[in-house]
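1. from the sequence below, what's the structure:
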Amino acid sequence: MASIHDYDLIIIGAGPIGLACGIEAKKNGLTYLIIEKGCLVNSLYNYPLNMTFFSTSERLEIGDVPFISHGAKPNRVEALEYFRRVSMTWGLNVKLYEKVESVEHTAAGQVIKTSKGVYSCSYTILALGFYDLPYLLNVPGEELPKVKHYYDEPHPYFGQKIIVVGAANSAVDVALETYRKGADVTVVVREPAIGESVKYWVKPDIENRIKEGTIKAYFNSEIKRIDDISVEIKTPDGIRVLENDFVLAMTGYQPPFEFMEACGIKFRGDEYHTPVYDEQTMESNMSDLYLAGVVCGGLKTNKWFIENSRIHANLIIDAIRKKNASRKTEGTAF
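-> Numbers count the residues shown, from 1 in each chain. Okay, here's the model as predicted:
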């Protein structure tokens, strides 16, 4: 299939940082396209319905569009409304529900093949999320319908015996919310305690519920087997078999490493599988291919957030602008 359009820049991912990159591209007169396999800010859309951000609203702002929320810390619904408004305010060129299948490097630039077409560009930004690839438990029975790696709302778990796996923010939020909506909640945690990075206003809540016994907890423990009516847990005191209706495995998610490798991205070989990139320009080891947002942290998905990676958009577009100026000068020298 022939290329249907040529752009200066293609941004893969329409999350907040992908949108920020599009805004900076538009400010600087670059032709650009943002391509997203799901809906606008797809990762945020898949957050739990009642999720509240750790950051305050002004720290999530992009494109000089004010973010006004009812509380100091906005919730998921307010964030979705805000980023829709940002996209409309800037008239961003976004194609949704179009999956990028490959990024090919050629002498003339880059060719982006998607589920719906083919595009060419001079520069590409990978502003990828990590919410599509959950860490699996890798135990017998994980394929059962009762096992969930995503959580939306508490109502289905009313009156049910549930096990929540994990001790980070998502697991703690799920445990507290389902408990307060009538679920019989047990948490299973590999570590010896609730994670230190848990939101400061939530951590005492979960610790007090565990201390009083209204939420049961097994630390230094892991699930070994799941069946229709029970879960087998390995604990420091031996194997326990618990009656169970649902397992909510809030074990975290990982970036799309296979896709990144297919794009030519190399990794540093550290424990986090951190991709190679220039911290001043965000350019990867592949010329004219840039990284932005959470994907820069590899497995350390709690390193980059909206509030501290918004600057990536400025760094990248500034680097592209300088490259264009340099290449224009080189071109007129002949």
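2. now the helices for the stretch 1-150 of the chain?
-> Per DSSP state H, counting those that start in this stretch, the stretch 1-150 of the chain has helices spanning 16-27, 42-45, 76-90. These are given in chain order.
3. and Leu40, what is it in contact with?
-> Ala14, Phe83, Arg84, Ser87, Val94, Leu96 (Cβ atoms under 8 Å, 6 or more residues apart in numbering). No exception for glycine: its C-beta is placed from N, CA and C like everyone else's.
4. can you tell me which of those residues has the most neighbours?
-> Highest neighbour count within these: Ala14, with 28 neighbours (other Cβ atoms under 10 Å).
5. my guess is that one contacts Asn93. True?
-> No. Between Ala14 and Asn93 there is no contact under Cβ atoms under 8 Å: 10.5 Å.
6. so for the two, which residues contact both of them?
-> Joint contacts of Ala14 and Asn93 (Cβ under 8 Å, 6+ apart) are Ile34.
7. count of residues packed around Phe54?
-> Residues near Phe54, counting by other Cβ under 10 Å: 15.
8. give the contact list for it.
-> Phe54 neighbours (Cβ under 8 Å, 6+ apart): Lys73, Asn169, Lys199, Phe305.
9. and what of Tyr135?
-> Counted by Cβ under 8 Å, 6+ apart, Tyr135 has contacts Thr251, Gly252, Tyr253, Gln254.
10. cool, Ile206 as well?
-> By Cβ under 8 Å, 6+ apart, the neighbours of Ile206 are Val172, Ala175, Leu176, Ile194, Val198, Ile215.
11. now Val294
-> Ile17, Leu128, Gly129, Phe130, Pro255, Thr301, Lys303, Trp304, Phe305, Ser309.
12. now do it against Phe219, distance only.
-> As judged by Cβ to Cβ, to the nearest Å, Val294 and Phe219 stand 28 Å apart.
13. likewise for Ser122?
-> 52 Å.
14. neighbour-wise, which of the two wins?
-> Ser122 (19 against 16).
15. do I have it right that that one meets Ile112?
-> No. Assessed by Cβ under 8 Å, Ser122 is found out of contact with Ile112, at 11.6 Å.
16. so who does the residue lying closest to Leu92 once chain neighbours are set aside touch?
-> Nearest non-adjacent residue to Leu92, counting by Cβ to Cβ, 6 or more residues apart in numbering: Gly22, 4.8 Å away. With contacts defined as Cβ under 8 Å, 6+ apart, Gly22 is in contact with Ile11, Tyr32, Ile34, Trp90, Leu92, Asn93, Val94.
17. so which of those is the most crowded?
-> Ile11 (32 neighbours).
18. do you know how far that one is from Gln110?
-> 12 Å.
19. between the two, which contacts overlap?
-> Thr124.
20. for Ile34, list the residues it contacts.
-> Counted by Cβ under 8 Å, 6+ apart, Ile34 has contacts Ile10, Ile11, Gly13, Ala14, Gly18, Leu19, Cys21, Gly22, Leu92, Asn93, Val94, Lys95.
21. can you rerun that using 6 Å?
-> By Cβ atoms under 6 Å, 6 or more residues apart in numbering, Ile34 lies in contact with Ile11, Ala14, Gly18, Gly22, Val94.
22. beta-bridge partners for it, please?
-> Ile34 has these beta-bridge partners by DSSP bridges: Ile11, Val94.
23. any idea how far Arg84 is from it?
-> Using Cβ to Cβ, we find Ile34 at a distance of 14 Å from Arg84.
24. Glu101: which of the contacts of Val294 is nearest?
-> Leu128 (13.9 Å; Cβ to Cβ).
25. not counting residues beside it along the chain, what's closest to that closest one?
-> Per Cβ to Cβ, 6+ apart, closest to Leu128 is Val295, 4.4 Å.
26. the one you found belongs to a helix?
-> Yes. Under DSSP: H, G, I helix; E, B strand; the rest coil, Val295 sits within a helix.
27. residue contacts, it?
-> Neighbour list for Val295: Leu126, Leu128, Pro255 [criterion: Cβ under 6 Å, 6+ apart].
28. which of those has the most neighbours?
-> Neighbour counts for the contacts of Val295 peak at Leu126, which has 29 neighbours (criterion: other Cβ under 10 Å).
29. any idea of the pLDDT on it?
-> On pLDDT, Leu126 comes in at 98.
30. cool, the one 4 residues further on as well?
-> Listed pLDDT for Phe130 reads 77.
31. same deal with Ile4?
-> So Ile4 comes in at 66 (pLDDT).
32. what about Ile112, distance to Glu222?
-> 41 Å.
33. please read the previous query as pertaining to Pro140.
-> From Pro140 to Glu222 the distance is 13 Å (Cβ to Cβ).
34. same question, Val231
-> 11 Å.
35. between the two, which is the more surrounded one?
-> Neighbours were counted for Val231 and for Glu222 using other Cβ under 10 Å; Val231 has more, 27 against 14.
36. need the contact list for the closest residue to that one other than its chain neighbours.
-> Excluding the flanking residues, the one nearest Val231 by Cβ to Cβ, 6+ apart is Asn244, at 4.4 Å. Counting by Cβ under 6 Å, 6+ apart, Asn244 touches Lys161, Ile163, Ser230, Val231.
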